[in-house]
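S.K.: Compute the structure for the input listed below.
(chains A and B)
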Amino acid sequence: MIQKPKGCNDIYGREAKIWKYVESVIDATMEKYNYNYIRTPIFESTELFHRGIGESTDIVTKETYDFTDRGGRNMTLRPEGTAGVCRSYVENKMYGDPTQPVKVYYNGTMYRYERPQSGRDRELTQFGMEVLGSDDPLSDAEVISLAVNIYKMLGLKEIKVNINSLGDKDSRDMYRKALIDYFKPHIGELCEDCQTRLEKNPLRILDCKVDADNELLKNAPKTIDYLNDESRERFEAVKEYLDIMQVSYEVNPNIVRGLDYYNHTVFEIEAKVEGFGSNNVLGGGGRYNHLCSEIGGPETPCIGFASGIGRIVLALELEKIKMPIVEDIDLFLMYVNEEEKKYAAYLAQELRMAGFIVDTEYTGRGLKGQFKQADRLNAKYVVVLNSEDLNNNEIRIKNNKTKEEEIISLDVLIYYLDEQLNAGVEDDYHECHCGNDECSCDGDCGGDCHCHHHE
RNA sequence: GCGGCGUUGGUGAAGUGGUUAACACGCUGGUUUGUGGCACCAGUAUGCAUGAGUUCGAUCCUCAUACGCCGCCCCA
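M.R.: Numbering: from 1, shown residues only, chains lettered A, B, ... in the order given. The predicted structure follows:
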């Protein structure tokens, strides 16, 4: 049997409906913040990622899907979204648009050649946003608040923002040096991995799980202490805007992010979810003021965020969060003989065009099997087509919940269905997903609740 | 890239070196020749991830490969 490639997934059925719902919330929230959808290629020149992300880490050298196309060009399946967006910004000269900054969001598949494990696939779907062309701390705060609000609109509770600042290039270099100086005399007390990290990527030692309880780590120099005045003021401004926007956060000096291109603000957002394990980070991002110039564009200050949709879907399911997913149909059309089947074909079309969700029988089941099928599909109404009725211009329609059957004129079928189906529409149709326990909208906000502003 | 464990019908799964691979759900048909969801009856894997080997004989033992889960590395 042909199997799907390692680390890839088929998403279908109920899970697919959850995905579409999550994506619809993302779209709606992005729209409110005035971020425009952008689609960039799934593969790009290998060079884009090498220059953008940096050669230093393992990431680019061995963890991407590289291939040579028939023209001999070196291509790479995108491992993340930011580089492609920056390339597009530069190539399309968006820096010339009068409406700076450029605010965009994407949602697409990324590819990483890694050994799959919990919460980590080779093909994954991420959404993210980027603000290109602003160094204003307000844009940092806005990106963070937007990310938080998407999670909240989805109904996730206990969202925690961890924020840190790496400072500008000077601050970062100073800090890196300070870290090496600090750890070097104690190198023997670190785990094996950290000993190699010391030269390669000293910042990551702070993230180490093995040495997490090591006193050495707890007393290590903090990025914040090495910020120069300008960087420090900038970080304070970001935090102030977050306060004003009523986004709660925690300064966590161990957040460093893996990539070279980050500076100033870096952050990760985690959710406390039962069953999520230690790997509970939903997404993260940061400021990257030099990436655009690195790939040949003008120096452009940017900030962005990215988050895996698969993990969000998993979190929603684990938390058993109610979602407005349609899992039933309006009407199931049943028939027995060929004449009735033909009428079913005609009627299904008519009703669908009139706006109803209609299904019928395609596998030759008997009437008994068709009733079972109607139940499996959660049909609200069933119709058993009958030649005699049809000759009398009549049709039997049965409420599949109350089991009451009525014989009505074919001419009023659409009107009848419309009336019946919309009768109970006032019921608890919308669940409020603002994520605020104190919310008083009682679900009548139509999914459009802004009550989290009153927290 | 390294390591541990796993893979049995549509599904959940039991099982054993030896002839018919349990049980349950589901599905199909019948009892009921066009109004079901109950009940009863019947049918439903020449097949136990794939390939090779050991053996008189392999789903079971060995090895390899693929995929999965979980760690490590790395984490965008």
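S.K.: quick one: contacts for A:Val247?
M.R.: Taking Cβ atoms under 8 Å, 6 or more residues apart in numbering, we find A:Val247 in contact with A:141, A:144-145, A:148, A:161. Backbone N, C-alpha and C define where each C-beta goes, glycine included.
S.K.: hmm, 6 Å instead?
M.R.: By Cβ atoms under 6 Å, 6 or more residues apart in numbering, the contact set of A:Val247 is A:145, A:148.
S.K.: now the most centrally placed residue in chain A: how far from A:Asn9?
M.R.: Nearest residue to the geometric centre of chain A (Cα atoms, centre = their mean): A:Ile309, 3.6 Å. Separation of A:Ile309 from A:Asn9 (Cβ to Cβ, to the nearest Å): 11 Å.
S.K.: what domains does the record give for chain A?
M.R.: A:13-168+A:228-318, A:329-422, A:430-455 (automatic domain parsing).
S.K.: Let me know which of those domains is tucked in deepest.
M.R.: domain A:13-168+A:228-318 (a mean of 18; mean count of other Cβ atoms under 10 Å).
S.K.: Endpoints of it, how far apart?
M.R.: In domain A:13-168+A:228-318, first residue to last residue: 17 Å (Cα to Cα, to the nearest Å).
S.K.: shaky segments in chain A?
M.R.: Scanning chain A for pLDDT under 70 picks out A:53-62, A:209-213, A:275, A:277-279, A:424-455.
S.K.: returning to what we had before: what's the overlap in contacts for A:Ile309 and A:Asn9?
M.R.: By Cβ under 6 Å, 6+ apart, A:Ile309 and A:Asn9 have no common neighbours.
S.K.: Which residues of the stretch 251-400 of chain A lie near RNA strand B?
M.R.: Within the stretch 251-400 of chain A, the positions near RNA strand B by Cβ under 7 Å from any atom of the strand are A:257-259, A:277-279, A:284, A:306, A:335-337, A:340, A:363-369, A:371-376, A:382, A:384-387, A:396, A:398, A:400.
S.K.: May I have the distance across stretch A:252-260, first residue to last?
M.R.: The first residue of stretch A:252-260 is 19 Å away from its last residue (Cα to Cα).
S.K.: What residues are bridge-paired with A:Thr109?
M.R.: Going by DSSP bridges, A:Thr109 is paired in beta bridges with A:Thr125.
S.K.: That one is in contact with A:Thr125, isn't it?
M.R.: Yes - contact criterion Cβ atoms under 6 Å: A:Thr109 and A:Thr125 qualify, at 5.3 Å.
S.K.: I'd like the distance from the longest helix along chain A to the chain centre, please.
M.R.: Longest helix of chain A, by residue count under DSSP state H: helix A:13-32. Its chain's C-alpha centre and that of helix A:13-32 lie 8 Å apart, by Cα atoms, centre = their mean, to the nearest Å.
S.K.: How about stretch A:39-55?
M.R.: How far stretch A:39-55 lies from its chain's middle: 21 Å, per Cα atoms, centre = their mean.
S.K.: Then stretch A:65-73?
M.R.: The chain centre lies 30 Å from the centre of stretch A:65-73; the measure is Cα atoms, centre = their mean.
S.K.: now stretch A:152-160
M.R.: Relative to the centre of its chain, stretch A:152-160 is centred 13 Å away, using Cα atoms, centre = their mean.
S.K.: Only alpha carbons, please: show it as CSV.
M.R.: The C-alpha trace of stretch A:152-160 is given here as CSV (Å, rounded to 0.1, in the frame of the first residue of the first chain):
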residue,chain,number,x,y,z
LYS,A,152,-9.0,34.2,22.9
MET,A,153,-11.6,34.4,20.1
LEU,A,154,-11.1,30.7,19.6
GLY,A,155,-12.0,30.1,23.2
LEU,A,156,-8.6,29.2,24.6
LYS,A,157,-8.2,30.2,28.2
GLU,A,158,-5.1,30.7,30.2
ILE,A,159,-3.0,32.3,27.5
LYS,A,160,0.3,33.4,28.7
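S.K.: Residue of the stretch 151-300 of chain A nearest RNA strand B, please.
M.R.: Nearest to RNA strand B, among the residues of the stretch 151-300 of chain A, is A:Gly258, at 2.6 Å (Cβ to the nearest atom of the strand).
S.K.: Look up phi and psi at that residue.
M.R.: Backbone torsions for A:Gly258, taken as degrees, to the nearest 10, come to phi -90, psi -30.
S.K.: Give me the phi and psi angles of A:Gln349.
M.R.: Backbone torsions for A:Gln349, taken as degrees, to the nearest 10, come to phi -60, psi -50.
S.K.: roughly how far apart are it and RNA strand B?
M.R.: Separation of A:Gln349 from RNA strand B (Cβ to the nearest atom of the strand, to the nearest Å): 20 Å.
S.K.: is it true that A:Gly285 lies in a strand?
M.R.: Yes - according to DSSP: H, G, I helix; E, B strand; the rest coil, A:Gly285 belongs to a strand.
S.K.: for it, what are its contacts?
M.R.: Contact analysis of A:Gly285 by Cβ under 6 Å, 6+ apart lists A:304-305.
S.K.: try 7 Å
M.R.: A:143, A:267, A:303-306 (Cβ atoms under 7 Å, 6 or more residues apart in numbering).
S.K.: What of A:Ile26?
M.R.: For A:Ile26, the contact set (Cβ under 7 Å, 6+ apart) comprises A:107, A:127, A:150.
S.K.: Kindly report the same for A:Pro137.
M.R.: Residues in contact with A:Pro137 (Cβ under 7 Å, 6+ apart) are A:234, A:237-238, A:241.
S.K.: got these as TSV, with distance to A:Ile26 and secondary structure columns?
M.R.: Shown next, in TSV, are these (distance: Cβ to Cβ, whole Å; DSSP: H, G, I helix; E, B strand; the rest coil):
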residue	distance to A:Ile26	secondary structure
A:Arg234	29	helix
A:Ala237	28	helix
A:Val238	23	helix
A:Tyr241	23	helix
